[in-house]
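Colleague: Next come a sequence and a model predicted from it.
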Amino acid sequence: MFLKKARKTYKGKVYETYALTESYREGGKVKHRHIANLGSLSQEQVQRIRLVLKAKQVEDAFVGRLSDVVAKEHYRFLDVAVLDDIWQQFALDQFFKGLPYAEAMVINRCIAPKSKIRIQEWTQHTILPRLMEFDFGAESEYSVYRTLDKIADLEEELQQHIYQKYSQQGHTNEKAIFYDITSSYFEGTKCILASRGYSRDHRSDRPQVTIGLVVTPDGYPFYWQVMPGNTQDITTVEALLLVLKERFGIEECLLVFDRGMVSRDNLKAIAKKKLSYVSALDKNEIPVNELLDSDFKSLVEDEDQWQKNLLSRGFQPYDKNLIYREHSIEDIRYILAFNRQAFQDQRLNRNQRLLKAKSYLEELNQELLHAKKSRKEETTARKIENKLQNWKLHKILNWQLEPKTLTVTTKKGKKRKVNSFQVVYTVDEQQLQQQALLDGLTCFVTNHPSDKLSAKRVIQYYRRKNKVEEAFRELKSYLHLRPFYLHREKRVRAHVTVCVLGYLLLNALEDRLYQQDSATSAPEALEILGRCLVNRLGLKKDSAYSESITEVTQEQVTILEGLGLKHLITNKYLNNILEHSSM
């Protein structure tokens, strides 16, 4: 049935009339039959009648007021769908077959980190149950903890699996890896791995674990280890060498790691395994190796002549701020580099810290001089030492507490004695000069032959270790690795694994955006994609509903095209995830 329009002209004027008409077939031909003549109608009336007729033809169409239509539920769609697709590209759906909570926890880390006990509830507001064909709601909310235990048991196999996938996808073609360790603190003290140690989170008041991480040159993680919180950087290298060979079959590569792990024993162990390394010396080691000219300080003082002076001593330019010179001692190459901008920044920073420390000590002396209660020597000394340690001035400022007895008058007018102190301090000029001599200096170290790896490439590799530092930043901030609220050792290790897998997905997303010259970061892309939801619509006080997705924007389309995932918004894909849809 449809609305048929007729047009007639009378005395030069055009008249339009409408009739309700239906089609029927007779003798193999389609004919029309008038049901009712409606006469002249306004455009608004025409539209309303046509809407009613259309509603009669479409099963889930209706006629009513817009205010009667309500959104009954929203489900996270496009950001979840993109992460699920990347998850499958690394065959993680096959690896974790039978463990649906594994993917749920990882995707949750990437877009809306929740506590483990709330993962089940979170999945109910996403399309994950439809994508995975799994009813999370039918499971116990504690199933997530059993999954954590299984993830911990699979850690070694998982690392081998993803390294194999990286190799197939070309992420290990550049024979180099980047290694570093960090710490992350606990709320509570029950985990046997948790202990006090050097805190990179500046939370020395909390027990912690130490985490080692290895990534490829383009940032893909493939090895991680959770260790006791008091593990020292320098002691982890030899164990790593064994893992690289036995777990991943890596017998030849360039290992890039932070200067905190450099020791003679470590460098010898790496060389013994026939591996190459790139790292840097601790600044205090530079004078020990006699790499500096005796008059180096005078060579770099002049802002206009410093580069000319160093070029005359065999240095070569790296860029406008960095200049380097190579030394070889036995089988080790030392690349001594001087950065003029860093030289100025470090000198200015030290002077500012020194002024701040002196001001602090003077203010403390005034406070101690007017003390109303007796002060404890141990407490006062610890307070001073902590401040100077934080400012890295404990070697430059020498100080001691001199006892001082004060007489104070109480509110009742009585006199009494108060034990206090005065801080007597001096600047160790020799130590100050030694530190100033090393401003702007870095000494890179490698055992890789110069005909295979130039000095410039050594510097470039060491600078690229920010890939693993960047991974730690994302793990701790965006993926909410810390603090730990779990206490069983297996579940602590599994939590780290979940966060590392989350970083894998983020890095893959970031990598593909970068390859498309996109200025959008992975978190920004997920935020944009996350605005496209599955919306369940229906009428007030009616159980019937239909589903559709939020209208896709051009910005979202551009991101999907860059990722090669535009199929996620096709009717074919959507028909599999939308319920009661007419798409």
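Modeller: Arrived safely. None of these values were measured; they are calculated from a predicted model.
Colleague: use CA for all of it now, contacts and neighbours both
Modeller: OK.
Colleague: where's the residue lying closest to Ala544 once chain neighbours are set aside relative to Leu501, distance?
Modeller: Spatial nearest neighbour of Ala544, excluding adjacent residues (CA to CA, 6 or more residues apart in numbering): Gly538 at 6.1 Å. As for Gly538, its distance to Leu501 is 38 Å (criterion: CA to CA, to the nearest Å).
Colleague: ok, back up a step: and the host helix or strand of the residue nearest to Ala544, how far out from the chain middle?
Modeller: Under the criterion of DSSP states H and E, Gly538 resides in strand 533-539. Once both centres are worked out by CA atoms, centre = their mean, to the nearest Å, strand 533-539 turns out to sit 33 Å from its chain's centre.
Colleague: One more: stretch 251-266?
Modeller: Counting by CA atoms, centre = their mean, stretch 251-266 comes out at 24 Å from the chain centroid.
Colleague: how about that stretch as PDB, C-alpha atoms only?
Modeller: C-alpha atoms of stretch 251-266 as PDB (Å, rounded to 0.1, in the frame of the first residue of the first chain):
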ATOM      1  CA  GLU A 251      72.600 -16.600  20.100                       C
ATOM      2  CA  GLU A 252      73.500 -13.500  18.300                       C
ATOM      3  CA  CYS A 253      72.200 -10.000  19.000                       C
ATOM      4  CA  LEU A 254      73.000  -6.600  20.300                       C
ATOM      5  CA  LEU A 255      71.900  -6.200  23.900                       C
ATOM      6  CA  VAL A 256      71.300  -2.500  24.900                       C
ATOM      7  CA  PHE A 257      70.900  -1.800  28.600                       C
ATOM      8  CA  ASP A 258      71.100   1.000  31.100                       C
ATOM      9  CA  ARG A 259      74.400   2.100  32.700                       C
ATOM     10  CA  GLY A 260      73.100   0.900  36.100                       C
ATOM     11  CA  MET A 261      73.800  -2.700  35.000                       C
ATOM     12  CA  VAL A 262      77.300  -2.100  33.800                       C
ATOM     13  CA  SER A 263      80.000  -4.100  35.700                       C
ATOM     14  CA  ARG A 264      83.200  -5.800  34.600                       C
ATOM     15  CA  ASP A 265      81.600  -9.200  35.400                       C
ATOM     16  CA  ASN A 266      78.500  -8.500  33.400                       C
END
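Colleague: I'd like the next helix or strand past whichever strand or helix holds Ile107.
Modeller: Taking DSSP H and E as the criterion, Ile107 maps to helix 100-111. Once the chain leaves helix 100-111, the next helix or strand it forms, by DSSP H and E, is helix 119-123.
Colleague: what is the mean pLDDT for that next one?
Modeller: Confidence for helix 119-123, expressed as mean pLDDT, is 94.
Colleague: neighbouring contacts of it?
Modeller: Residues outside helix 119-123 that contact it (CA atoms under 8 Å, 6 or more residues apart in numbering): 104-105, 108, 129, 136-137, 141, 144.
Colleague: so where's this protein uncertain?
Modeller: Within the chain, the stretches with pLDDT under 70 are 10-11, 55-69, 185-207, 229, 233, 483-486, 580-583.
Colleague: per-domain residue ranges of it.
Modeller: Domain assignment for the chain, taken from automatic domain parsing, gives 2-57, 343-437, 532-574.
Colleague: Return the residues in contact with the closest residue to Gln431 other than its chain neighbours.
Modeller: Closest residue to Gln431 apart from its sequence neighbours, by CA to CA, 6+ apart: Ile396 at 5.8 Å. Residues in contact with Ile396 (CA under 8 Å, 6+ apart) are 427-429, 431-432.
Colleague: Correct me if wrong: Lys456 contacts Pro317.
Modeller: No - taking contacts as CA atoms under 8 Å, Lys456 lies outside contact range of Pro317: 9.5 Å.
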